[in-house]
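Q: Curious how this folds, go ahead:
(2 chains)
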Amino acid sequence: MRWLNRVLAAIFGVALAVTGLLVVWEAAATLLGPTPARLPYQSWIASQEAFRWNSQEVLWLAGGLTVLGLVLVALQVIPRKPRALEVALGEEGVEIDVDRPGLERALTRAATGVSGVTGARTQARRRKISTTVDVPGGGDRATSEAVSGALQRALERFGVKPSPRVAVSSRARGRAR
Amino acid sequence: MRDGQAVDRTNRVALLVLGMVLAAVGSYALVRGLGILGEDPAADSVADTLLGLVPDPGWPWLPAVVGSLALLLAILAVRWAAAQVKFPPRASPVTVETTDRGITQVRGSALSHALSTQLARIPGTGDARVRIVSTPSGQRADIRLEIVDGADVPGIIDSAEEAMSRASRLTGLGTVASSIRLVPVADQRVH
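A: Numbers count the residues shown, from 1 in each chain, chains lettered A, B, ... in the order given. Okay, the predicted model is just below:
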């Protein structure tokens, strides 16, 4: 998502810069008097006279702009996974955080280390850690609590702040080891 | 704030604003074109409507104001586009000693390499990468440090900070603002 934003930002940045410079050129030409280098905007506007607000072309363009705008807004407001989670360790003035994908893998390893768990999947966000564990025959309360404890210990080791809520769910999958 | 975070944040806000403007303009044109505002506005010429937005073409200050605003927009847009491909600044050589006979300097990359080696030797760590860059407020060290499962994380951080301050003292870097990203890894990955 960040790379898509960078590409979009570069495209829109260049487009806005070109538009701005064309307007500056036109404004300068207006201030300095008639020159042959002026943009042919009068003839361009005249050629657009035929277009009405209810023309098919205008409606298609309007629809396209609306969709493009809404897609852009949606892309920005969709919550993203953080790159890293802050930790409360170290001296003041030193920014310390823990890599989110690395932490997810570490928590998955911690969960699979619990007896009876054959597989796990973890998603880490700032306020919530969600882990789904595979337990042959379905998980019981004791397994969930054991996994939850293992995850809490792993999180405490890194001192993630604010301490995220840990949610463990289990599914009947895999073979007993 | 690390390199790139500020750019990502700016992109998000700018693209959100741009998206809202595009959606607003597009939906107004749709509403007007579909006749929701009445049949007469729908049949108006688009060019005439847009020209009608110009306050008064006869005003002498209009080109200067529009030109200035457009120049400001162009400068901001160029800076925005350039920030997408901007590489982080490299550290300039650090002067360790100046005497009558000459100057002793340490290259930024050599210092980064030495620090990386030192950090990777701390028990419980895997690979370590240090990047020292010059910023307007001074030198900055960005550290990426692998931590193996079960390692003493607070102890590793203390050792890393100690190594950083020792390097700062030895090379005369002064206070180095730093950021440390911990990357948990499985024990088997570390050799």
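Q: so B:R79 is in which element?
A: helix B:62-83 (DSSP states H and E).
Q: Just after the lowest-mean-pLDDT helix or strand in chain B, pick out the following helix or strand.
A: Least confident element among the helices and strands of chain B, by mean pLDDT, DSSP states H and E: strand B:94-99 (a mean of 76). Downstream of strand B:94-99, the first helix or strand assigned by DSSP H and E is strand B:102-106.
Q: Is chain A within reach of the longest helix belonging to chain B?
A: Ranked by number of residues, the top helix in chain B under DSSP state H is helix B:5-33. Yes: interface with chain A: helix B:5-33 contributes B:7-8, B:11-12, B:14-16, B:18-27, B:29-30, B:32-33 (C-beta under 8 Å from any C-beta of the partner chain). To be clear about C-beta, it is placed using only N, CA and C from the backbone, and glycine gets the same treatment.
Q: that older thread, which residues belonging to the least confident helix or strand of chain B are considered buried?
A: In terms of neighbour count (16 or more other C-beta atoms under 10 Å in any protein chain shown), strand B:94-99 has its buried residues at B:V94.
Q: Kindly report the domain assignment for chain A.
A: Segmentation of chain A into domains, based on automatic domain parsing, reads A:2-77, A:84-171.
Q: Kindly present these as CSV, with separate columns for mean neighbour count and mean pLDDT.
A: Output for the domains of chain A, formatted as CSV (neighbours: other C-beta atoms under 10 Å in any protein chain shown; pLDDT from 0 to 100):
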stretch, mean neighbour count, mean pLDDT
domain A:2-77, 15, 87
domain A:84-171, 18, 87
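Q: Rebuild these as JSON lines, extending it with distance to chain B.
A: As requested, these are exported to JSON lines (distance: least, C-beta to the nearest C-beta, whole Å):
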{"stretch": "domain A:2-77", "distance to chain B": "3"}
{"stretch": "domain A:84-171", "distance to chain B": "4"}
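Q: Now those in CSV, please, with extra columns for distance to B:A77.
A: Formatted as CSV, the domains of chain A follow (distance: least, C-beta to C-beta, whole Å):
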stretch, distance to B:A77
domain A:2-77, 4
domain A:84-171, 30
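Q: about what we covered before: check which helices and strands the helix holding B:R79 sits against.
A: Secondary-structure packing of helix B:62-83 (3 or more C-beta pairs under 8 Å, 6 or more residues apart in numbering or on different chains; DSSP states H and E): helix A:2-32, helix B:5-33.
Q: who's in contact with the residue most central in space within chain B?
A: Geometric centre of chain B, nearest residue: B:G4, 2.8 Å, by C-alpha atoms, centre = their mean. By C-beta atoms under 8 Å, 6 or more residues apart in numbering or on different chains, no residues touch B:G4.
Q: what about it, distance to A:S130?
A: From B:G4 across to A:S130, the span is 27 Å (C-beta to C-beta, to the nearest Å).
Q: Likewise for A:P82?
A: According to C-beta to C-beta, A:P82 stands 14 Å off from A:S130.
Q: same deal with A:R121?
A: Distance, A:R121 to A:S130, by C-beta to C-beta: 9 Å.
Q: quick check: mean pLDDT across the longest helix of chain B?
A: For helix B:5-33, mean pLDDT is 93.
Q: what packs against that helix?
A: Identification of packing neighbours for helix B:5-33 by 3+ C-beta pairs under 8 Å, 6+ apart yields helix A:2-32, helix A:56-77, helix B:39-43, helix B:62-83.
Q: Give the full set of residues in contact with the closest residue to A:L8 other than its chain neighbours.
A: Ranked by C-beta to C-beta, 6 or more residues apart in numbering or on different chains and with sequence neighbours excluded, the top spatial neighbour of A:L8 is B:L15, at 6.0 Å. Residues near B:L15 by C-beta under 8 Å, 6+ apart: A:N5, A:L8, A:A9, A:F12, A:L72, A:L75, A:Q76.
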